[in-house]
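Trainee: How does the following fold in three dimensions:
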Amino acid sequence: MTTRLHRLTELEQVRDPLLTAYADVRAPLLHLPNYAVPTVAERLDRYGRTPGFTAVLAFDAEDQPVGYAYGNTVEAGDLWWKRIGDLDEAYTRSPTLAVWEIGVTTAHRGTGLARRIHDALLADRAERYASLMVNPAAGEGKVLRLYESWGYEPIAPVRPSPDSPVLTAMVRPVNE
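Mentor: I've put the predicted structure just below:
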């Protein structure tokens, strides 16, 4: 399958194609409040206006969005770190790339596309670390293990919101 990646920093360019891909990627979960498209759109609008916002979108041969990742820069006092709580100051000493979400449509899973999107998101970043949060139950633990294979290490459990399941916060060096 041929896919093209686009790295974008303007929310207006990212929003519609990302939400289109998101609705496909998360279709089985859209009935849950934390995964509903309007909830995710609200979060995307918020993060898309923060320092260091970047998204990578993947498009297929028909120019349909089939994958995405996005993140932004977080500093020591950011809510990202406050949600995690007590952690090693090495991670908060300098700016970190918070990876908010990575998703690939069903037809493109298992092709290496998620890793390509992830690596494009981290490419040329100034931050020392990248951090993400994952539901350890996703794919019966498969997603957590995948992130570990990409160099992420679990650092703490976290519940970002009352509607969210308990997630595992993970971190890795950006230039690994």
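Trainee: Any stretches of this protein with poor pLDDT?
Mentor: Filtered on pLDDT under 70, the chain yields the residue ranges 1.
Trainee: cutoff 80 now
Mentor: Low-confidence segments of the chain (pLDDT under 80): 1, 85-86, 161, 163, 176.
Trainee: Assign the most centrally placed residue in it to helix, strand or coil.
Mentor: By C-alpha atoms, centre = their mean, the mean C-alpha position of the chain lies nearest to residue 101, the distance being 2.1 Å. Following DSSP: H, G, I helix; E, B strand; the rest coil, residue 101 is assigned to strand.
Trainee: Based on its surroundings, how many neighbours for the closest residue in space to it that isn't next to it in sequence?
Mentor: Distances taken as C-beta to C-beta, 6 or more residues apart in numbering place residue 70 nearest to residue 101, at 6.2 Å, with adjacent residues excluded. (Each C-beta comes from the backbone N, C-alpha and C, glycine too.) Residues contacting residue 70 under the criterion other C-beta atoms under 10 Å number 25.
Trainee: Relative to residue 118, how far out is the residue nearest to the centre of the chain?
Mentor: 11 Å (C-beta to C-beta, to the nearest Å).
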